[in-house]
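J.: model this:
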Amino acid sequence: MEGNIMKIKKQDLHIRDPFVLADGGKYYMYGTCNMANSTEYGGDGVTPGFSSFVSDDLETFEGPFHAFDGGSGFWGEKAYWAPEVYKTGGAYYMFATFFSEEEGRRCQILKSDNPLTGFKPWSQPITPAGWWCLDATLFFHEGKPYSVYCHEWLQVKNGEMWITELSPDFKSAVGEPKMLFRALDAPWVRSWDDGNAITDGPFIHRNSDGRLVMMWSSAGDKGYTMGMAVNDGKDVTSGWVQLEKPLYADDGGHGMIFEKDGRLFISIHAPNSKTERPHFIEIRETEDALELA
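T.: Now for the predicted structure:
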């Protein structure tokens, strides 16, 4: 049962890590947001979960819908973070981060035949047991699915970015994961307390010339910042080069890219605080990366 479904202006939505899926002329948005389970919207105020929203114009959204609710024996106890939803093969797959005292922080894939509701656990956790990982994303290269995710600074101090190949049915990770880079490999990243540095929110875009651009976030001079690593598109498991200039450096990030009317937009949250809101900003491809339009 859905609770109080309302029309909500974009500027009134409190959501982190906003992810937009353009599908069938509509825009579905997900993020670190459990509004549907709040008492204000008819929930119990206790059950962890992910809420979803839908819009025709990216200005007014209908929601919140129950995309996924915890419980019923699911291992994730709390800290439901950063859901990303992809449509492939006629189904919708959600990549998300969960935490439990026994498992730690791991990423797992859920599946539904509806972009708004009904997501159920599909895979086993796709990040290594014993690692604290977050923000898994999906990318296809030469027909094979891969997931890029972060190994959290709480375990490794200098946060890491890793990649793993997935089985064609998204049921599991296959082979050995490979590390792509560390947070302090990027010149714009700022550390604290003797080398602690964050890796957050990877998302890979293929430019029209075949080059790859990975947006990812960390701490910069003005707060939360989103930079770019680039790759020639031949081998996604190595050869990533950090660009000196961030894409967005004004206390916002955890971005992804979607298309509207033939134009590219990033979706980010800003500011990186308790007052964060979704922002959609037009971008364009450059010779080697991306820039704000």
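
J.: for the residue nearest to G239 when sequence neighbours are not counted, what are its contacts?
T.: Across the structure, with C-beta to C-beta, 6 or more residues apart in numbering as the measure, the residue nearest G239 apart from its sequence neighbours is N231 (5.5 Å). Every residue, glycine included, has its C-beta placed from N, CA and C. When the contact criterion is C-beta atoms under 8 Å, 6 or more residues apart in numbering, the partners of N231 are 211-214, 239-241.

J.: tell me the two of those that are most distant?
T.: Greatest spatial distance among these (C-beta to C-beta): V213 and G239, at 13.1 Å.

J.: Looking only at neighbour counts, state which of the two leads.
T.: Taking neighbours as other C-beta atoms under 10 Å, V213 and G239 compare with V213 leading, 23 against 14.

J.: part of a strand, is the more buried one?
T.: Yes - V213 sits within a strand when classified using DSSP: H, G, I helix; E, B strand; the rest coil.

J.: Report the separation between F170 and F61.
T.: Counting by C-beta to C-beta, to the nearest Å, the separation of F170 from F61 is 27 Å.

J.: Next, count neighbours for A197.
T.: Using other C-beta under 10 Å, A197 has 22 other residues around it.

J.: no, scratch that, I was asking about F68
T.: Using other C-beta under 10 Å, F68 has 25 neighbouring residues.

J.: Need the per-residue pLDDT for the nearest residue to it once chain neighbours are set aside.
T.: If you skip the residues right next to it in sequence, F68 has F119 as its closest partner in space, 4.1 Å away by C-beta to C-beta, 6+ apart. Model confidence at F119, given as pLDDT, is 98.

J.: swap in the one 10 residues further on?
T.: The predicted local confidence for A129 comes out at a pLDDT of 97.

J.: That one - that's part of a strand, no?
T.: No - assessed with three-state DSSP, A129 is coil; it does not lie in a strand.

J.: Next one: it from D169, what distance?
T.: Note on A129: its distance to D169, by C-beta to C-beta, is 21 Å.
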